[in-house]
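In: Here is a sequence together with a model predicted from it:
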Amino acid sequence: MSKKVEDIDQVVIKFAGDSGDGMQLTGTQFSNTTAFIGNDLATFPDFPAEIRAPQGTVAGVSGFKIQFGSNRVFSPGDEADILIAMNPAALLANIDWIKDRGTIIVDSDNFKIKDFEKAGYKSNPLEDETLAGYNVIEAPITKLTKESVADCEIENKFRSRSKNMFALGIVYWLFSRPLKVTEDYLDVKFGKVPEIAKANKQALKAGYNYALTVELLPSSYKVKAASLPAGKYRSIMGNEATAWGLMAAAERADLNIFLGTYPITPASDILHELSKYKNFNIVTLQAEDEIAGICAAIGASFAGSLAVTSTSGPGLALKGEAIGLAMMTELPIVVIDVQRGGPSTGLPTKTEQSDLLQSVYGRNGESPVIVIAASTPSNCFDFAYMAAKLAVEHMTPVILLSDGFIANGAEPWKIKSTATMPDINPAFAEEGDADWSPYVRSEDKLNRTWAKPGTKGLEHRIGGLEKQAITGNVSYDPNNHEEMVKVRAEKVARVANFIPELEFNGDENADLLVVGWGGTYGGLHTAVSSMLTEEKSIAHAHFNFINPLPKNTAEVFAKFKKIVVCELNNGQFVKLLQSELPQFDYLQYNKIQGLPFSKGQLMQEFNNLIEA
Amino acid sequence: MEHLVKEELTFRDFETDQDVRWCPGCGDYAILKSVQKVMPVIGKEKEDIVFISGIGCSSRFPYYMNTYGFHTIHGRAPAFATGVKLANPNLSVWQVTGDGDALAIGGNHYIHVLRRNIDINILLFNNEIYGLTKGQFSPTSQTGIKTKSSPQGTVDRSFNPGKLALGAEANFFARVIDIDPKRMSEVMIESEKHKGTSLIEILQNCIIFNDKVFANVTAKDVKLDKQLWLKHGEPMIFGADQNKGIILNGLKLEVVTIGENGITEADILVHDAYCEDNTLHNMLISMAIPEFPVAFGIIRQVKGASFDENVWNQIAEEKTNAKFNSVDELMNSGVTWEI
């Protein structure tokens, strides 16, 4: 039996289930296959902080959203066209985020009375009016999964576990995707337990065949490959790209990486990734705490390694004193903060941009450091590389801000060649330099040099006490202190001479300039691009360089009538801009829900501002 | 035949041009001198030696050593030293710390550096008081001590750095005295030879805030009776008349007199610093006056792989199994597609 195939441009799918149902794996597999066949895409994993939150409750729902299409995709989208809900809780948690007349695929085996009551439904949503207006597909996924693995020699408790693969099989059929990418993955993943691999593959295939056969699914869809620039592509996640950017920088700079860190959500994958590639002379130290992580890294920096520490907001707070020491001793280190919802422990698995002021100002004394921010999963590669370059060339800590949204999000990436990345020239001091002194500075960058132990004749002492200019000896001289504070500030300010200028997308002289920074790029770009096609007077400037700001920032701002600063916090970048560039008036649009911006809300807000 | 004579370093090569700013009469001076005298004989070039410290009086030490040096953050020196040694295992790394730096604010790093057994030397200056902040009690201060922050006397219990170290699986622990530079130097040379974390507790007199706190052990008139200097393979005999010894009576140590109650030298315990089991080492470390003499010298010296060695061996192994020889190869691996 052949079924109808419809062509469509852009689709949003949400996979949702219990946190133990394997929804992240399912979503990742769908993304990899979708990227593989040439669609552009953006993903948004959204899961609870608890590893196994109470089963069947809304608190325990783990979700994975993906938008893909035949055009460029910059955000995971707002409302889903299709929801896969493995239980009533997953349905309840997502029902407000499904498009009108959208399709909902449920595992009907999990809608018994105890299931829907546990989720918080008073009556069975499959039987009452809850789902009126949606295209609901009730599939007995658990039962059919068990049947599909009947011949596999696995323990009984594993028989229903492949139901996520069954669900994935349904969606693969629905969007005409091949099974091969996932089958190959399963063979590798379960190479040591071939029966488990077999069960998963059979469930996947069974789901695909079920969808092909049943009458409930009227048609399948075809989403043509996107017109991306020619080249070789792969799928990449933000944290992975960050690790690879550091590795590329270390290779180009001929340095060993030293990562000193402590596990913390959502930054731990950077540690996991770097730990896989020790053959590149990478040392990863899982330290006893956040402080030891950065302190060990600074020790390694003193000894000549490319030092890195990775963390999230609470960890950055703990590292503050050590960042101050690296700033004072003018040693290079890359501090990666994958931001999450704060304050305090906050919302560990949710995204937010609320560590900006902590990054720029959060240390004792006058202690400026470079702060930069990645803005997409794939450009985490470029900004990690840039962070390493700036750190070792300017001899200063660099804080690289990422966030949970881009760190866990994935997108297709045109693979870069490390040879095309800019040169990195670490500021090493050379043996035999008679004029060398620890705090002699370069003329252009004002950096001191990096004299690593083992270099004959350059034995010297550094530390957190104030330094005498040139010699680096301990000094309590009042005028020297003032001079040193100012020169350290000037050193960071001069980084503006070595970074790209600010660009903007849209009409010069537009009524409204949308300003964002970091991980909100995709959401803001999507909304502004959409409004530009409607010929709205709008433009978008996005900041990757926070401290210092690009040199032409004021020049760009001056072109526009109104400026709105959009952030996933209560207004932090706007405070920085108000203090650095007080000549402009800034409007604000803030969202503090642990979630990315939604296109619909942004467009409504921007239209209001243009018309106001 | 021509001889290639390596330039001989002397202690003067390890002095810096900085004024030493400890209080006159501070025990730190004698320790500094000993360390400067030890450096030329450990077989390392000056540029391959690094001194790392935290914060406190003792932590000014690196400024006075003409080697590479890093005066870091209160309590965190073990972490910095770990990073230095892992980045370049060829370096001889010395951490200088005090009882507050190592055992109060730095307690966490103290136990973990010992647990990992990275190949560094830790000089723990224990004066049982906070000096730089002007005289508050420390975690090693004796209970009841009256200080500025404990005018009525402390009610805190103190702990013993050696017992804590052994609890953290330390392989090398020694105890010396600031005013005994000869034996202090001998122990330092052994600590540098030892692979893994070597911890030397130095009883150091703070002349301003806790003067003579160790006098009942170190004073000339009592020292022979109150100090037991341990040497691997030798019986635990001490005393002005060399007739006192330590025996194991059941599960307890006991001080006996040779020639009394039928005790002969053969009954006296022989020190085994190399014993893997640390039970007896713990008992020796715990000995305190008035019942016992205080144990000095190298109490525990057990061989084992060092952390830095294990880390770099693993990296070497990964190189032989490497799937990718460059970052480009890695990035082009796995599922890729052409557009």
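Out: Happy to help now that I have it.
In: Quick one: neighbours of residue A:450, just the number.
Out: Neighbours of residue A:450 under the rule other CB atoms under 10 Å in any protein chain shown: 20. C-betas here are computed from N, CA, C, even on glycine.
In: how about the residues of the stretch 101-250 of chain B near chain A?
Out: Contact residues, the stretch 101-250 of chain B versus chain A (CB under 8 Å from any CB of the partner chain): B:108, B:109, B:112.
In: from what I can see residue A:31 touches residue A:235, true?
Out: Yes - the pair residue A:31 / residue A:235 is scored as a contact, 6.1 Å apart, by CB atoms under 8 Å.
In: contacting residues around the residue of the stretch 151-300 of chain A found nearest chain B?
Out: Taking CB to the nearest CB as the measure, the stretch 151-300 of chain A has residue A:299 as its residue closest to chain B, at 2.6 Å. Counting by CB atoms under 8 Å, 6 or more residues apart in numbering or on different chains, residue A:299 touches B:52, B:70, B:72, B:79, B:80, B:81, B:82, B:83, B:84, B:85, B:87.
In: now residue B:111
Out: Taking CB under 8 Å, 6+ apart, one finds B:164, B:167, B:168 in contact with residue B:111.
In: The first one sits in which helix or strand?
Out: Element membership of residue B:164 [criterion: DSSP states H and E] is helix B:161-167.
In: Quick check: the gap between residue A:338 and residue A:263.
Out: 12 Å (CB to CB, to the nearest Å).
In: Comparing these two, which residue is more hemmed in?
Out: It is residue A:338, of residue A:338 and residue A:263, that has more neighbours when counted by other CB under 10 Å, with 34 against 16.
In: Skipping its backbone neighbours, what lies nearest the more buried one in space?
Out: residue A:267 (4.0 Å; CB to CB, 6 or more residues apart in numbering or on different chains).
In: Can you report how many residues neighbour that neighbour?
Out: Other residues near residue A:267 come to 27 when the count uses other CB under 10 Å.
In: check contacts around it.
Out: So residue A:267 contacts A:239, A:261, A:310, A:311, A:312, A:315, A:336, A:337, A:338, A:402, A:407 (CB under 8 Å, 6+ apart).
In: which stretches of the stretch 251-400 of chain A form helices?
Out: A:268-276, A:290-302, A:313-329, A:356-361, A:380-394 (DSSP state H, counting those that start in this stretch).
In: Please save the CA atoms from the first one in PDB.
Out: Below are the C-alpha coordinates for helix A:268-276, written out as PDB (Å, rounded to 0.1, in the frame of the first residue of the first chain):
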ATOM      1  CA  SER A 268      29.900  18.900  32.200                       C
ATOM      2  CA  ASP A 269      29.800  17.800  28.600                       C
ATOM      3  CA  ILE A 270      32.800  20.000  27.900                       C
ATOM      4  CA  LEU A 271      34.800  17.900  30.400                       C
ATOM      5  CA  HIS A 272      33.400  14.700  28.900                       C
ATOM      6  CA  GLU A 273      34.300  15.700  25.400                       C
ATOM      7  CA  LEU A 274      37.900  16.800  26.200                       C
ATOM      8  CA  SER A 275      38.400  13.700  28.300                       C
ATOM      9  CA  LYS A 276      37.900  11.600  25.200                       C
END
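In: In terms of secondary structure, what does that helix contact?
Out: Contact analysis of helix A:268-276 by 3 or more CB pairs under 8 Å, 6 or more residues apart in numbering or on different chains; DSSP states H and E lists helix A:238-253, strand A:257-261, strand A:282-286, strand A:306-311 as its packing neighbours.
In: And the average pLDDT for the last one is what?
Out: Mean pLDDT, computed over strand A:306-311, is 98.
In: quick one: it near chain B?
Out: Yes - using CB under 8 Å from any CB, we find that strand A:306-311 touches chain B at residue A:307.
In: buried ones in that strand?
Out: A:306, A:307, A:308, A:309, A:310, A:311 (16 or more other CB atoms under 10 Å in any protein chain shown).
In: So for residue B:6, what's the pLDDT?
Out: 53.
In: so where do the strands sit in the stretch 1-150 of chain A?
Out: A:4-8, A:10-18, A:40-46, A:61-69, A:80-85, A:98-107, A:135-139 (DSSP state E, counting those that start in this stretch).
In: would you turn those into CSV with mean neighbour count?
Out: Formatted as CSV, these follow (neighbours: other CB atoms under 10 Å in any protein chain shown):
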stretch, mean neighbour count
strand A:4-8, 10
strand A:10-18, 25
strand A:40-46, 25
strand A:61-69, 26
strand A:80-85, 26
strand A:98-107, 19
strand A:135-139, 18
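In: Make TSV out of those strands and add distance to chain B and mean pLDDT.
Out: Shown next, in TSV, are the strands of the stretch 1-150 of chain A (distance: least, CB to the nearest CB, whole Å; pLDDT from 0 to 100):
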stretch	distance to chain B	mean pLDDT
strand A:4-8	19	82
strand A:10-18	18	95
strand A:40-46	10	92
strand A:61-69	14	95
strand A:80-85	22	96
strand A:98-107	26	94
strand A:135-139	28	94
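In: any chance of these in JSON lines, plus distance to residue B:177?
Out: What follows is the strands of the stretch 1-150 of chain A, written out as JSON lines (distance: least, CB to CB, whole Å):
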{"stretch": "strand A:4-8", "distance to residue B:177": "83"}
{"stretch": "strand A:10-18", "distance to residue B:177": "64"}
{"stretch": "strand A:40-46", "distance to residue B:177": "60"}
{"stretch": "strand A:61-69", "distance to residue B:177": "61"}
{"stretch": "strand A:80-85", "distance to residue B:177": "73"}
{"stretch": "strand A:98-107", "distance to residue B:177": "74"}
{"stretch": "strand A:135-139", "distance to residue B:177": "79"}
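In: Which of these sits closest to residue B:181?
Out: The closest approach between residue B:181 and any of these, judged by CB to CB, belongs to strand A:40-46 at 62.3 Å.
In: so what secondary structure elements neighbour that closest one?
Out: Packed against strand A:40-46 by the contact rule (3+ CB pairs under 8 Å, 6+ apart) you find helix A:23-36, strand A:61-69, helix A:404-408, strand A:410-414.
In: ranking those by burial, who's on top?
Out: Of the helices and strands packed on strand A:40-46, the one with the most neighbours on average (mean count of other CB atoms under 10 Å in any protein chain shown) is helix A:404-408, at a mean of 31.
In: contacting residues around it?
Out: Identification of contacts with helix A:404-408 by CB under 8 Å, 6+ apart yields A:43-45, A:237-239, A:242, A:265-267, A:269, A:338-341, A:349-352, A:374-377, A:380, A:518-519, A:596.
In: ditto for stretch B:332-339
Out: By CB under 8 Å, 6+ apart, stretch B:332-339 touches A:32, A:35-38, A:181, A:184, A:225, A:228-235, A:415, B:323-324.
In: Okay, now the sheet partners of the helix or strand bottoming out on mean pLDDT in chain A, with direction.
Out: Among the helices and strands of chain A, strand A:4-8 carries the lowest confidence by mean pLDDT, DSSP states H and E, at a mean of 82. Its sheet considered, strand A:4-8 pairs with strand A:219-223 (parallel) by DSSP bridges.
In: what's the angle between the partner strand and helix A:23-36?
Out: 60 degrees (axes from the mean of the first three to the mean of the last three CA atoms, to 10 degrees).
In: mind listing what's buried in strand A:219-223?
Out: A:220, A:223.
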